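Asker: Model the following, please.
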Amino acid sequence: MSLENDLKEAIDGIGRSFEEFKVENNKLIAKGVKDALAEAKLEQLGQKIDGLTGKKEDLEKRMKLEREEREALERKVNLLSVSGGKPADDLEHKAVLDFNVQIKAVAQSRRQPPPADVDVEGFRSYKRAFESLCRKGRDGITSEELKTLQVGVEADGGFLVPADTSGRIITRVFELSPIRAIANVQPIGSDRLEGMWDLDEAADGWVGETGGRPDTKTPQVGKYEIPAHEQYARPRASQKLLDDAAVDIEAWLALKVGDRFARREGAAFIVGDGVSRPRGFTNYPTAATSDATRAWGTIEHINTGVNSDFAASNPADILFDLEGAFKTAYLGNAKIVTRRQVVTKVRKFKGSDNNYLWQPGLAAGKPSTLIGYPLVMAEDMPALAAGSLSLAMGDFNEGYQIVDRLGVRVLRDPYTEKPYVIFYSIRRVGGAVVQFECIKFVRFST
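Answerer: Residues are numbered from 1 along each chain as shown. Take a look at the predicted model:
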């Protein structure tokens, strides 16, 4: 069966399951009393909907990847290499250019003179030498291979991952990290991103033709910094496997490192404390005060009135109160971020028109929505508890800034855990809230 048919089947399954869910929930509401069996059936239907939604999203990613690969193949042309004059396809040509950007960024960070550009043949040689390094270690590669690797060597002995591997790692991180997909992402060439907060307005006044014109208030600005913290992964393989198996080192590194980086950064962007890691948007002080009176650096929350849960009466009202707390400019790109534990509750909510406020995405590329806003599932959001910030809403592209330091490095360690070889992979990433008016929380508290 084709991916298109699989996707259609998943979407149809979501629709049927949600219709069944509504029927069962309406019966439970009509009873007016708790029914353990009915609640269990609703839970099963909710899990089925979540499973089919996950399958739909996975199929959409696979179809997007296939489409991009097909388009890349269609675009292939015989481009000349940067300087060697031998043919290369457009993807390899781009990989060479990306690699040259990386080695220049490394040199700049070390305050070293920029190295000469590597051509296509040089890049192919580097990849072959890198493969040999991963399999045999530094002592097992030839002098020519070691010489080839010098273009990517760091002072501490680390080598850059070839650019296409690095690209595959970052692509996988993008696919798996829910906050990265909705936040603002900025590559940087230094150890931090600096920016200005414009928090004030210039004063003015009315004046007659001959009246005096005294000085007016000058607006004040503030400064923020987002450092790039070091993130690492330690995938490992046995030396026997590296010696004997036809292992695709690049694909293996991309899979293992990409998964690890995505899980770690996904949690940090939400709950990180900012110490040697990004500061997550739930890790800032919050207050139940409006934008007009709340101190900058504090995020607004609205209490549900019940610890660890929504209010028993009209529980959906809090969602509309949350929407109403935003300035109009931030609602056009707003999204709701929460975890499945909360979705199982809001899926039962109805509006004044008796329609369900949670709606499934019943078209390819369309996400589930809550009160009309795209819903982002992030299991790293705080679990329901007294005072928990388990649901956030806002324009995260405007409010949360992610910084990526160019380059990925790999250190090969065959000694620490013999007979395994550890591939110690390093990248640098940071994150912080930069606009405190366009993200708000539902706080599950009295």
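Asker: which stretches of this protein have low pLDDT?
Answerer: Across the chain, the ranges flagged by pLDDT under 70 are 1, 69, 71-91, 109-110, 152-158, 198-203, 216-221, 406-407.
Asker: From the contact counts, what lies against the helix or strand harbouring Leu375?
Answerer: For Leu375, the host element (DSSP states H and E) is strand 373-377. On a contact count with 3 or more Cβ pairs under 8 Å, 6 or more residues apart in numbering; DSSP states H and E, strand 373-377 meets strand 335-338, helix 340-346. Heads up, the C-betas are built off the backbone N, CA and C, glycines and all.
Asker: Can you tell me the strand partners of that strand and which way each runs?
Answerer: strand 335-338 (parallel), strand 369-370 (antiparallel) (DSSP bridges).
Asker: Could I have the CA atoms of it written out in PDB?
Answerer: Provided in PDB are the C-alpha atoms of strand 373-377 (Å, rounded to 0.1, in the frame of the first residue of the first chain):
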ATOM      1  CA  TYR A 373      -5.600  27.000  17.500                       C
ATOM      2  CA  PRO A 374      -3.100  24.400  16.400                       C
ATOM      3  CA  LEU A 375      -2.300  21.900  19.200                       C
ATOM      4  CA  VAL A 376       1.400  20.900  19.800                       C
ATOM      5  CA  MET A 377       1.900  17.800  21.800                       C
END
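Asker: Let the chain start at 41 from now.
Answerer: Okay, residue one is now 41; in that scheme the one you just asked about reads as strand 413-417.
Asker: Note down every partner strand of the helix or strand that comes right after it and its orientation.
Answerer: Using DSSP H and E, the helix or strand that directly follows strand 413-417 along the chain is strand 428-434. Here strand 428-434 is paired, per DSSP bridges, with strand 375-378 (antiparallel), strand 479-484 (antiparallel).
Asker: Relative to Ala285, how far out is Pro454?
Answerer: From Pro454 over to Ala285 the distance is 16 Å, taken as Cβ to Cβ, to the nearest Å.
Asker: Please apply the same query to Gly248.
Answerer: Taking Cβ to Cβ, one finds Gly248 at 87 Å from Ala285.
Asker: Between those two, which has more neighbouring residues?
Answerer: It is Ala285, of Gly248 and Ala285, that has more neighbours when counted by other Cβ atoms under 10 Å, with 11 against 6.
Asker: re earlier: can you put the strands paired with strand 428-434 in a markdown table and add mean neighbour count and distance to Ala423?
Answerer: As requested, the strands paired with strand 428-434 are exported to a markdown table (neighbours: other Cβ atoms under 10 Å; distance: least, Cβ to Cβ, whole Å):
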| stretch | mean neighbour count | distance to Ala423 |
| --- | --- | --- |
| strand 375-378 | 23 | 11 |
| strand 479-484 | 24 | 10 |
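Asker: now those strands as JSON lines including distance to Gln399?
Answerer: Formatted as JSON lines, the strands paired with strand 428-434 follow (distance: least, Cβ to Cβ, whole Å):
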{"stretch": "strand 375-378", "distance to Gln399": "12"}
{"stretch": "strand 479-484", "distance to Gln399": "19"}
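Asker: those helices in the stretch 191-340 of the chain, which residues are they?
Answerer: Secondary structure of the stretch 191-340 of the chain by DSSP state H, counting those that start in this stretch: the helices cover 203-216, 279-284, 289-311.
Asker: Between those helices, which one is closest to Arg107.
Answerer: helix 203-216 (14.0 Å; Cβ to Cβ).
Asker: and the angle from that closest one to helix 289-311?
Answerer: 40 degrees (axes from the mean of the first three to the mean of the last three Cα atoms, to 10 degrees).
Asker: Check the gap between the residue nearest to Phe436 when sequence neighbours are not counted and Arg379 for me.
Answerer: Excluding the flanking residues, the one nearest Phe436 by Cβ to Cβ, 6 or more residues apart in numbering is Ile222, at 4.5 Å. To Arg379, Ile222 is 15 Å away according to Cβ to Cβ.
Asker: do the same with Ala332
Answerer: On the measure of Cβ to Cβ, Ala332 and Arg379 end up 31 Å apart.
Asker: And Leu216, by the same measure?
Answerer: In terms of Cβ to Cβ, Leu216 sits 16 Å off from Arg379.
Asker: domain parsing for this structure?
Answerer: 43-114, 119-200, 321-441+475-484 (automatic domain parsing).
Asker: Could you point out which of these sits nearest Val297?
Answerer: domain 119-200 (12.6 Å).
Asker: next one: the closest one to chain centre, how far?
Answerer: From the chain centre to the centre of domain 119-200 is a distance of 28 Å (Cα atoms, centre = their mean, to the nearest Å).
Asker: With stretch 413-431 instead?
Answerer: Worked out by Cα atoms, centre = their mean, stretch 413-431 lies 16 Å from the chain centre.
Asker: now do the same end-to-end measure for that stretch.
Answerer: Taking Cα to Cα, to the nearest Å as the measure, stretch 413-431 stretches 13 Å from start to finish.
Asker: That one: which residues count as buried?
Answerer: By neighbour count with 16 or more other Cβ atoms under 10 Å, stretch 413-431 contains the buried residues 413-418, 420-422, 424, 428-431.
Asker: No further questions, thank you.
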